[in-house]
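*Asks:* Return atomic coordinates for the entry below.
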Amino acid sequence: MSFIDGLGKIVKGVGGFLSSNTIGSSLAKTALIGFALNKVNKSIKNAQSNVNIQQSPITLNPDTTTSVPVLYGTGYVKGSVTDAYLEPDNKTMWVCITLCEKTGNKIDGSPSYINFQQVFFNGFKLTLNSDGYTVSKAYDDEGNSTTDFNNQIEIYPFSGSSDNPVRITSESGQNYTPAYDLFPSWTTDHDMSDLVFVLIKIKYNPEKNINNIGNWEFKLSNTMSAPGDVLYDYMTNTRYGAGIDPAEIYSQWRA
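*Replies:* Numbering: from 1, shown residues only. Predicted structure coming up:
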């Protein structure tokens, strides 16, 4: 049975419930759309799992799902490579990794913020120089340090748009340059609005085990973590949630 057939049975099962304008109807529609997109993305991933983009000396395995997660509270995110640029020297690669959506306001109307807390490369926790973006040292799980990545990698985090560079909270310095003035092929049209992402500059150096993009992971913390705020945001957000009018939520609650 195909996933389309499966989706059809689910729709038939809920019947006229989907045609109404209630809160439950909107949430059900969102769930069904998510179910379908998840199945489509898995099919694409399976079909293209052997596809590689290679520009010597760096190999890039492209993401094929195109989905952007929503993060509440604190968590570790790997993200998806959404752009890459190899400089003419064939040794310097720029990568954009999109991590998650920028979330909305809490119930009291105050905005939520997503902070970068830690960065990991190939299992090593990275620390930065005083400039806030050039890698200084790397630590393994046992606390042993290495300077192999020193001045070989640069990390530029952004939260919400290309115009909003942010600091990794464990570091003292930060970058203040917009993303479109850093990434070689970008213009001001690359605004990355409502996205949390990071630009990474990597210098090819096989002697220091830097011969590909590597595995990246980021510890992020969202100031939105209370269950009520999370549910409200997901119900009302028009980008990734159910898109319900807040007035409808209040009227249902009062009823």
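
*Asks:* CA atoms for contacts and neighbours, from now on please.
*Replies:* Fine.

*Asks:* Point out where the stretch 51-200 of the chain drops to low pLDDT.
*Replies:* Per-residue confidence for the stretch 51-200 of the chain (pLDDT under 70) gives these ranges: 51-66.

*Asks:* Just the strands from it, written as ranges.
*Replies:* Counting by DSSP state E, counting those that start in this stretch, the stretch 51-200 of the chain has strands at residues 53-55, 58-60, 74-77, 80-86, 92-101, 114-121, 124-128, 135-139, 145-146, 153-159, 195-203.

*Asks:* which residues does the nearest residue to Leu99 once chain neighbours are set aside contact?
*Replies:* Among residues not flanking Leu99 along the chain, Gly79 sits closest, at 4.2 Å (Cα to Cα, 6 or more residues apart in numbering). Neighbour list for Gly79: 68, 97-100, 217 [criterion: Cα atoms under 8 Å, 6 or more residues apart in numbering].

*Asks:* Which ChimeraX command selects the buried ones in those residues?
*Replies:* What follows is the ChimeraX syntax selecting those of these that are buried according to 16 or more other Cα atoms under 10 Å:
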select :97,98,99,100,217
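
*Asks:* And the residue nearest to Leu99, how far from Val70?
*Replies:* Separation of Gly79 from Val70 (Cα to Cα, to the nearest Å) stands at 11 Å.

*Asks:* residues shared between the contacts of these two?
*Replies:* What both Gly79 and Val70 touch, as defined by Cα under 8 Å, 6+ apart, is the set Cys100.

*Asks:* who's in contact with the most centrally placed residue in the chain?
*Replies:* Geometric centre of the chain, nearest residue: Leu99, 1.2 Å, by Cα atoms, centre = their mean. If you count contacts by Cα under 8 Å, 6+ apart, Leu99 has them with 68-69, 77-80, 195-198.

*Asks:* mind checking how far it is from Asn209?
*Replies:* Counting by Cα to Cα, the gap from Leu99 to Asn209 is 25 Å.

*Asks:* Repeat that for Gly79.
*Replies:* Note on Gly79: its distance to Asn209, by Cα to Cα, is 22 Å.

*Asks:* Equivalent analysis for Ile114, please.
*Replies:* Counting by Cα to Cα - Ile114 and Asn209 are separated by 31 Å.

*Asks:* Looking only at neighbour counts, state which of those two leads.
*Replies:* Neighbours were counted for Ile114 and for Asn209 using other Cα atoms under 10 Å; Ile114 has more, 23 against 11.
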